[in-house]
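Undergrad: got a structure for you, letters missing:
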């Protein structure tokens, strides 16, 4: 189990895996954006793009095909074009206000879980959050030997 703590070390949530943390971060960013637009005057309090531009997006090739089919000349180059031409899915990772996302074609040996973990850790580090893991009772009982640890 993974536990997310805020800057004051208060418990924010518990998650089974990093995929759930990615979803939580995305949902909280959407909530924050809607809240800012509805309740605040954007001219008085500008949005902090450093907080809102963290994205971990998995594009299926079929989704990209639909998006690009609506364009006369799709603006794709580099890794994105190579992945699309090879009919591969694509992962796009945004880190804060960085203008250039990292892109990865989804191939057999790509460790997607590691990418999610690294992205979550980078996000948490930049926002003052911390992820800690707990040992489940099943893990603990499997590691015990007679007479102790």
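TA: In hand now; what should we look at? Keep in mind that this is a model prediction, so the values were computed, not measured.
Undergrad: Just the element for residue 124, please.
TA: Using DSSP states H and E, residue 124 maps to helix 112-127.
Undergrad: which residues sit against that helix?
TA: 4, 7, 17-19, 21-22, 25, 50-51, 54, 56, 58, 91, 93, 95-96, 104, 106, 129-131 (CB atoms under 8 Å, 6 or more residues apart in numbering). All C-beta spots, glycine's among them, are computed from the backbone N, C-alpha and C.
Undergrad: the strands in this protein, which residues?
TA: For the chain, the strands defined by DSSP state E cover 2-5, 11-15, 55-59, 90-94, 102-105, 130-133.
Undergrad: and the closest residue in space to residue 128 that isn't next to it in sequence, how many residues sit next to it?
TA: Of all residues not flanking residue 128 in the chain, residue 7 sits nearest, at 3.6 Å (CB to CB, 6 or more residues apart in numbering). Around residue 7 there are 10 other residues, counting by other CB atoms under 10 Å.
Undergrad: Could you report the separation of residue 66 from residue 126?
TA: 33 Å (CB to CB, to the nearest Å).
Undergrad: Who has more neighbours out of these two?
TA: Counting neighbours by other CB under 10 Å for residue 66 and for residue 126 shows that residue 126 has the greater number, 13 against 10.
Undergrad: What distance do you get for that one to residue 69?
TA: 36 Å.
Undergrad: Which residues are in contact with residue 105?
TA: 79, 82-83, 86, 88-90.
Undergrad: quick one: low-confidence ranges for the chain?
TA: 32-52, 135-149 (pLDDT under 70).
Undergrad: quick one on the thing from earlier: what subset of the contacts of helix 112-127 is buried?
TA: Applying 16 or more other CB atoms under 10 Å to these, the neighbour count classes 4, 18-19, 21-22, 25, 51, 54, 56, 58, 91, 93, 95, 104, 129, 131 as buried.
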